[in-house]
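*Asks:* only geometry, no sequence info:
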DNA sequence: AACCTTGGCAACCGCAATATG
DNA sequence: GCATATTGCGGTTGCCAAGGT
């Protein structure tokens, strides 16, 4: 079966998503759902192919996305499942709520396989090499065919926090210095039910805040207000949203 | 300071699976 | 049952920031 890739259409945009596009897509999906990804871009006023929209939503804009560093437990789960399942990233992601297959794949390639490679290079007290390392034998080579370099021991405990970079691309007005004044321990973690409650229930006080937020921001719909706020939903930004809601509105912006 | 290399991540591409008419 | 459309998945690429020389 042969058909042209959906993104071959002339005039369709590719590359990084802008804040405005994110808002449009978020607002549209929240309001109408995503019955048909193919038709969605046109209806949402986006110059993107449906595939691109779907990917953006699933990997970045979904409210239940859990951002930020992977915990040691999550890493161990990935390693364990990868041993059992191989490169079945979606299956692995199913066991890690809030994590996407793409994210897990990236973490595997950038961190975990190195960790296993190091394990392979480190014999146990009896001089044996660990079995876990066998799972990454073929993966020890990167796409250009070169052996991946051995990481330093500290490399595994500090994953890069992508929030800083992403945050700077969004005009939330929140300064990094301000971010550093808070730690996530100071605020309760926002779990999945928080978002599902906030976005799905008419009775939810969270959801009922969005019209007021939209009004304050002079946005047309509560969904656009959500879109605006969702830009703050990068890793480490969840608590800002919480602050925002607890403060009772937009005074903090 | 300028240039080069590396690492991390978002996004794209192509194929397979599934749904629909 | 077949053709086509759509969705899902995994591999790969390209950009950018950070670190090294």
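*Replies:* Yep, it's here. This is a predicted model, so every value here is computed, not measured. Numbering: from 1, shown residues only, chains lettered A, B, ... in the order given.
*Asks:* name the element residue A:66 belongs to?
*Replies:* When elements are defined using DSSP states H and E, residue A:66 is found to belong to no helix and no strand.
*Asks:* wait, isn't it in contact with residue A:98?
*Replies:* Yes. In this structure residue A:66 lies within contact range of residue A:98 using Cβ atoms under 8 Å: 2.8 Å. For the C-beta atoms, the positions are set from N, CA and C on the backbone; glycine is no exception.
*Asks:* neighbour-wise, which of the two wins?
*Replies:* When residue A:66 is set against residue A:98 and neighbours are counted by other Cβ atoms under 10 Å, the residue ahead is residue A:66, at 19 against 16.
*Asks:* show me the contacts for that one.
*Replies:* A:97, A:98, A:99 (Cβ atoms under 8 Å, 6 or more residues apart in numbering).
*Asks:* closest one to DNA strand B out of these, please.
*Replies:* For DNA strand B, the nearest member of the contacts of residue A:66 is residue A:99. The distance, counting by Cβ to the nearest atom of the strand, is 10.8 Å.
*Asks:* so that closest one, which state does it fall into?
*Replies:* Following DSSP: H, G, I helix; E, B strand; the rest coil, the label given to residue A:99 is coil.
*Asks:* how long is stretch A:84-104 end to end?
*Replies:* Using Cα to Cα, to the nearest Å, the end-to-end distance of stretch A:84-104 comes to 15 Å.
*Asks:* can you give me the buried ones in it?
*Replies:* By 16 or more other Cβ atoms under 10 Å, the buried positions in stretch A:84-104 come out as A:89, A:92, A:93, A:96, A:98, A:99, A:100, A:101, A:103, A:104.
*Asks:* again, but for stretch A:39-51
*Replies:* Here stretch A:39-51 shows A:40, A:41, A:44, A:46, A:48, A:49, A:50 as buried, counting by 16+ other Cβ under 10 Å.
*Asks:* the third one and residue A:26 touch, don't they?
*Replies:* No. Assessed by Cβ under 8 Å, residue A:44 is found out of contact with residue A:26, at 9.5 Å.
*Asks:* the closest residue in space to residue A:105 that isn't next to it in sequence and residue A:47: what is the separation?
*Replies:* Of all residues not flanking residue A:105 in the chain, residue A:89 sits nearest, at 4.7 Å (Cβ to Cβ, 6 or more residues apart in numbering). With the distance defined as Cβ to Cβ, to the nearest Å, residue A:89 ends up 29 Å from residue A:47.
*Asks:* equivalent analysis for residue A:56, please.
*Replies:* In this structure, residue A:56 and residue A:47 are 13 Å apart, going by Cβ to Cβ.
*Asks:* on contacts alone, who are the packing partners of the one helix or strand residue A:21 maps to?
*Replies:* Using DSSP H and E, residue A:21 sits in helix A:19-32. Contact partners of helix A:19-32 among helices and strands, from 3 or more Cβ pairs under 8 Å, 6 or more residues apart in numbering; DSSP states H and E: helix A:40-44, helix A:50-56, helix A:222-230.
*Asks:* switch the cut-off to 6 Å
*Replies:* Helix A:19-32 is packed against helix A:40-44, helix A:222-230, with contacts defined by 3 or more Cβ pairs under 6 Å, 6 or more residues apart in numbering; DSSP states H and E.
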